[in-house]
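Participant: This is the structure alone, sequence omitted:
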């Protein structure tokens, strides 16, 4: 529901538009009379949280089609026009949406409210992830420190030469904050606060809905912690490095074939190190993602004799999940079941 115009202004605007283009005028008039906010979102958790918090007062639509890979997707000009005519555009603001910066710059010329759901969240830097991995590697393979240093140099040279530097797609930070239930709670709170600003008369409803969602996320966090604490091992081998926040929150150790973006492919030396480390830790599973395919990961799976598991990074969801009524919480519980199996020695 647009708050830009008063009733009198709306009639004047409608009359002026009718003189030049009757169909546009009718559309504008109908929009002003709507009882709900029209909101566009990007990654799936934002769509799910906005629907749950907004309830009947918010009409939510995602920019992303089902099962899309968020890092590389570009919305059409038609979709961008629809966003500019909406009440709010909610995006993560943490670097996962490749089109976001350009889109936000364009949308500043419209009346749409631009919301960064990740506002106020401390992002995990690549340096932090690197220090964690390096420390773990030194503890386990101290005698190979010199070899690892040379491997790192070769990796850096490969990145510059081949355009696969693992620092180029998302800047210096890991954008996958929504996979951490605690940080997801902060994103939900930011959404709630912005909906209240847009529709203050429904603050009580928005707050009540948010509190219900918050309880679900708090329970999810407890379930993840308990599962990892009781696990046989802490190491997982994943196709895509989307789980750095699980490392920080729960103490798992992520070995990844691809970088923070699925376009970040490893060097030959990295592949050799991944296979070696996976065998040392007796890794029995390679975790793939439903919206990301990787031939390199398949090669490693065969090399170490592992089985495949599938996890959902929740950048988007499948048509099947939508039809089955699944939401962020149920899909994350499915991810937790996959994680539990991957951390088992069985």
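Facilitator: Thanks, I have it. Model, not experiment: these values are computed from the prediction. Numbering: from 1, shown residues only.
Participant: where does the stretch 151-300 of the chain dip in pLDDT?
Facilitator: 151-171, 291-294 (pLDDT under 70).
Participant: what are the ranges of the helices in it?
Facilitator: 181-198, 203-229, 244-250, 268-280, 295-304 (DSSP state H, counting those that start in this stretch).
Participant: If you count contacts, what does the longest one end up packed against?
Facilitator: Using 3 or more C-beta pairs under 8 Å, 6 or more residues apart in numbering; DSSP states H and E, the elements in contact with helix 203-229 are helix 44-54, helix 181-198, helix 244-250, helix 328-342. The way it works is simple: take the backbone N, C-alpha and C, and place the C-beta from them, glycine included.
Participant: could the ones you listed go into CSV alongside distance to residue 288 and mean neighbour count?
Facilitator: Formatted as CSV, the helices and strands packed on helix 203-229 follow (distance: least, C-beta to C-beta, whole Å; neighbours: other C-beta atoms under 10 Å):
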stretch, distance to residue 288, mean neighbour count
helix 44-54, 18, 25
helix 181-198, 22, 22
helix 244-250, 16, 21
helix 328-342, 10, 18
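Participant: of those helices, which approaches residue 37 most closely?
Facilitator: helix 181-198 (5.9 Å; C-beta to C-beta).
Participant: Could you tell me the model confidence score at residue 313?
Facilitator: At residue 313, the model reports a pLDDT of 90.
Participant: SS state for it?
Facilitator: Recorded secondary structure, residue 313: coil (DSSP: H, G, I helix; E, B strand; the rest coil).
Participant: That one reaches residue 241, doesn't it?
Facilitator: No - assessed by C-beta atoms under 8 Å, residue 313 is found out of contact with residue 241, at 10.5 Å.
Participant: which one of these two has more residues nearby?
Facilitator: More neighbours surround residue 313 than the other of residue 313 and residue 241, with 25 against 21 (other C-beta atoms under 10 Å).
Participant: Next one: residue 274 from residue 301, what distance?
Facilitator: Going from residue 274 to residue 301 by C-beta to C-beta, to the nearest Å gives 11 Å.
Participant: For the helices of the stretch 151-300 of the chain, please prepare TSV with the additional fields distance to residue 57.
Facilitator: Shown next, in TSV, are the helices of the stretch 151-300 of the chain (distance: least, C-beta to C-beta, whole Å):
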stretch	distance to residue 57
helix 181-198	8
helix 203-229	7
helix 244-250	31
helix 268-280	48
helix 295-304	43
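Participant: So for residue 121, which of those helices sits nearest?
Facilitator: helix 181-198 (5.5 Å).
Participant: tell me the angle of that closest one relative to helix 203-229?
Facilitator: Helix 181-198 and helix 203-229 meet at an angle of 170 degrees, taking axes from the mean of the first three to the mean of the last three C-alpha atoms, to 10 degrees as the criterion.
Participant: Which strands or helices does helix 181-198 pack on?
Facilitator: By 3+ C-beta pairs under 8 Å, 6+ apart, helix 181-198 packs against helix 44-54, strand 88-91, strand 113-116, helix 203-229.
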